[in-house]
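*Asks:* Got a sequence here, can you model it:
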Amino acid sequence: MRRLRTALLTVAAILSGALPGRAGLDVTITWLQQRAERPPVLSNLDPVLDDLGRAGAELAIRDNATTGRFLGHGYALEEVIVEPGGDLLGAARAALDRSPYLVIDAPAEALLQIADLPQARDAILFNAAAPDMKLRDGDCRANLLHTLPSLAMRADALMQFARLKRWDRLAMITGTHPGDLAFAAALRRSAAKFGMKIGAEKSWAFDADMRRNAAQEVPLFTQDLGDYDLLLIADELGDFGRYVAYNTWRPRPVAGSEGLVPVAWSRVVEQWGAAQLQSRFADLAGRPMRPRDYAAWAAIRTIGEAVTRTNSADPASLRAFILSPGFELAGFKGRPLTYRHWNGQLRQPIPLVTPRAVVAQAPLSGYLHQRSEMDTLGLDAPESACNAFD
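*Replies:* Sure, this is the predicted structure:
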């Protein structure tokens, strides 16, 4: 079943206060989401959010409107929600008939199918939810840009910190969910990239109630990992990682999906004007902003910034500007955000956070790059097999 709602976030195309000489432009952006059934986890403490990502899109439309009202630019957000098992491709075709700008929350394979639709050939699609590396590598598409950091970017941020701390001996516990396995693979690749190696690894396969048994089971489970400086947790589903910290056989720091976590965004990010963004989001959504909210916000703000700078709503003109050296997005992370012209990934710093503080933000000092220090995070141009942007 599909739910279609046009958000009441439209700004008039031409206002009395618009600057003279500016042509009125109306830009409609579609939030397209494929809802998925969440697998069961050990704890039910984390709420399931119906507006994850969409709330970030709504805030960005409001932010676009703030600038647009002075330029005669109007913005509207249309929401298309596809329930599990629904016709996502059909919904995408219909949305593309109405607008060439889609911000998508869907799995990687579905993203590729949408990007390959004939109706999407001249569109600009934003991936705001899939961290899969293949979308930035050999399976990239020229009409698909990525505002959510890849798994490689998050893993590289963590490994930069581990290397800086000289935590060179690593161990890892991995869940069995596909997202867990993909993050574990990214951590292995990143460890090798920064001259480290993950030694002992174990797969988490407990089905007991860890809320009662963690203090007994986790020490036994981690006893044979040997000695290590840092224990990596690949638990992207949020299932078991919370029970590992402080229960390990050896008292060592925990990082990855739990403990010290590399993220696109967190409620504890406060510097560089971020507190103002946090406050506006909380007023809108009644909760803290999460990484997918930030990715959706960045996607729609990208369109708004490009429309403002080019005074155009033509997709080809906007795409060329977005991928050009002249584009910059103020993303409340201390540095202007730009797009990698070889695979469409948004360059961005990665905060390393605990539940109550930012510990560091990558790229860290000392990691240099001939183009941008942010290109030390994730697939650099020589590493990426993407050739669709050539």
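*Asks:* Count the neighbours of Lys165 for me.
*Replies:* Neighbour count for Lys165, taken as other C-beta atoms under 10 Å: 12. C-beta coordinates here come from the backbone N, C-alpha and C atoms, glycine included.
*Asks:* quick one, what contacts it?
*Replies:* By C-beta atoms under 8 Å, 6 or more residues apart in numbering, the contact set of Lys165 is 229-230.
*Asks:* now it: how far from Phe194?
*Replies:* Going from Lys165 to Phe194 by C-beta to C-beta, to the nearest Å gives 12 Å.
*Asks:* Just to check, Thr67 is in contact with Thr308?
*Replies:* Yes: between Thr67 and Thr308 there is a contact at 5.6 Å, judged by C-beta atoms under 8 Å.
*Asks:* which residues do the two both contact?
*Replies:* His73.
*Asks:* helices and strands around the helix ranked longest in the chain, which ones?
*Replies:* Secondary structure of the chain read by DSSP state H shows that its longest helix is helix 291-310. Secondary-structure packing of helix 291-310 (3 or more C-beta pairs under 8 Å, 6 or more residues apart in numbering; DSSP states H and E): strand 25-34, helix 54-71, strand 73-82, strand 101-105, strand 124-127, helix 274-285, helix 315-322, strand 329-330.
*Asks:* Can you give the strand pairings for the last one, parallel or anti for each?
*Replies:* So that's strand 329-330. Strand 329-330 has the following strand partners under DSSP bridges: strand 336-337 (antiparallel).
*Asks:* Quick check: mean pLDDT of the longest helix of the chain?
*Replies:* Taken as a whole, helix 291-310 has a mean pLDDT of 98.
*Asks:* With stretch 313-328 instead?
*Replies:* 97.
*Asks:* Touching that stretch from outside, list them.
*Replies:* Here stretch 313-328 makes contact (C-beta under 8 Å, 6+ apart) with 25-27, 100-101, 122-124, 143, 145, 302-303, 305-307, 309-310, 312, 336-339, 341, 344, 389.
*Asks:* Okay, buried residues for the longest helix of the chain please.
*Replies:* Buried residues in helix 291-310, counted by 16 or more other C-beta atoms under 10 Å: 291-308, 310.
*Asks:* now stretch 30-41
*Replies:* Quick answer for stretch 30-41 (16+ other C-beta under 10 Å): 30-35, 41.
*Asks:* Show me which of the contacts of stretch 313-328 are buried.
*Replies:* Judged by 16+ other C-beta under 10 Å, buried ones among the contacts of stretch 313-328: 25-27, 100-101, 123-124, 143, 145, 302-303, 305-307, 310, 312, 337-339, 344.
*Asks:* so Arg292 touches Ala128, yeah?
*Replies:* Yes: counting by C-beta under 8 Å, Arg292 touches Ala128, with 6.3 Å between them.
*Asks:* Residues that sit against both of these two, list them.
*Replies:* Contacts common to Arg292 and Ala128, judged by C-beta under 8 Å, 6+ apart, are 53, 56, 105, 148.
*Asks:* Looking at the first one now. What's its pLDDT?
*Replies:* pLDDT recorded at Gly53 is 97.
*Asks:* and if you look at the third one?
*Replies:* Among the per-residue scores, Asp105 holds a pLDDT of 98.
*Asks:* so how far is Tyr294 from it?
*Replies:* According to C-beta to C-beta, Asp105 stands 13 Å off from Tyr294.
*Asks:* residues touching His369, list them.
*Replies:* 363, 375-376, 380 are the contacts of His369 under C-beta under 8 Å, 6+ apart.
*Asks:* just Leu112 next, same as before
*Replies:* Leu112 neighbours (C-beta under 8 Å, 6+ apart): 135, 139, 141.
*Asks:* in what helix or strand does the closest residue to the second one other than its chain neighbours lie?
*Replies:* Closest residue to Asp139 in three dimensions, ignoring its sequence neighbours and counting by C-beta to C-beta, 6 or more residues apart in numbering: Leu112, at 6.2 Å. When elements are assigned from DSSP states H and E, Leu112 belongs to helix 108-115.
*Asks:* Buried residues, that helix. List them.
*Replies:* 108, 110-112, 114-115.
*Asks:* Give me the mean pLDDT for that helix.
*Replies:* Helix 108-115 comes out at a mean pLDDT of 98.
*Asks:* Measure how far it is from the centre of its chain, please.
*Replies:* From the chain centre to the centre of helix 108-115 is a distance of 17 Å (C-alpha atoms, centre = their mean, to the nearest Å).
*Asks:* Equivalent analysis for stretch 355-365, please.
*Replies:* The chain centroid and the centroid of stretch 355-365 are separated by 17 Å under C-alpha atoms, centre = their mean.
*Asks:* Flag every buried residue along it.
*Replies:* 358, 360-364.
*Asks:* one step back: mind putting the buried residues of helix 108-115 into JSON lines with distance to Pro253?
*Replies:* Shown next, in JSON lines, are the buried residues of helix 108-115 (distance: C-beta to C-beta, whole Å):
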{"residue": "Ala108", "distance to Pro253": "31"}
{"residue": "Ala110", "distance to Pro253": "37"}
{"residue": "Leu111", "distance to Pro253": "35"}
{"residue": "Leu112", "distance to Pro253": "37"}
{"residue": "Ile114", "distance to Pro253": "40"}
{"residue": "Ala115", "distance to Pro253": "40"}
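*Asks:* Much appreciated, bye for now.
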